[in-house]
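Student: compute the structure for the input listed below.
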Amino acid sequence: MKKSVSISVNEEKHSAVEMYLEQKNTTLATELGKYVERLYQKNVPQNVRDFIDMMSAKKPARKPKNPAPAESKKQSEQ
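Tutor: Next comes the predicted model:
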């Protein structure tokens, strides 16, 4: 699951950084994403990162909320 983060930035600075990043064929969102990843790597201990990776890989497939139509039909026929 991804989480959004909101920050306040001076409007002129925001416009300027977006303009110059565009000249480098990148975006503010891309650069901030890279920076957040570096902060994560620098500040979160390796064992915690490994655990998070392991848990992310184990996420089970979502189960349907309603029983399958065939099962519902079988139950109503009995």
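Student: report the buried residues of the lengthiest helix in the chain.
Tutor: Taking DSSP state H as the criterion, the chain has its longest helix at helix 28-43. For helix 28-43, the neighbour count (16 or more other C-beta atoms under 10 Å) marks no residue as buried. C-beta here means a position set from N, CA and C on the backbone, and glycine is covered the same way.
Student: who touches it?
Tutor: 5, 14, 17, 18, 21, 49 (C-beta atoms under 8 Å, 6 or more residues apart in numbering).
Student: quick one: mean pLDDT over the helix or strand that that helix is followed by.
Tutor: Using DSSP states H and E, the helix or strand that directly follows helix 28-43 along the chain is helix 46-57. Per-residue pLDDT over helix 46-57 has a mean of 94.
Student: and helix 46-57 with helix 28-43, angle?
Tutor: 130 degrees (axes from the mean of the first three to the mean of the last three C-alpha atoms, to 10 degrees).
Student: quick check: phi and psi on residue 58?
Tutor: phi -90, psi 0 (degrees, to the nearest 10).
Student: for it, give its distance to residue 44.
Tutor: 19 Å (C-beta to C-beta, to the nearest Å).
Student: those two: which has the busier surroundings?
Tutor: residue 44 (12 against 7; other C-beta atoms under 10 Å).
Student: poorly predicted segments of the protein, please.
Tutor: 61-78 (pLDDT under 70).
Student: the same query, at a cut-off of 50, please.
Tutor: Applying pLDDT under 50 to the chain flags no residue at all.
Student: what's the first-to-last distance across stretch 21-32?
Tutor: End-to-end distance for stretch 21-32: 11 Å, by C-alpha to C-alpha, to the nearest Å.
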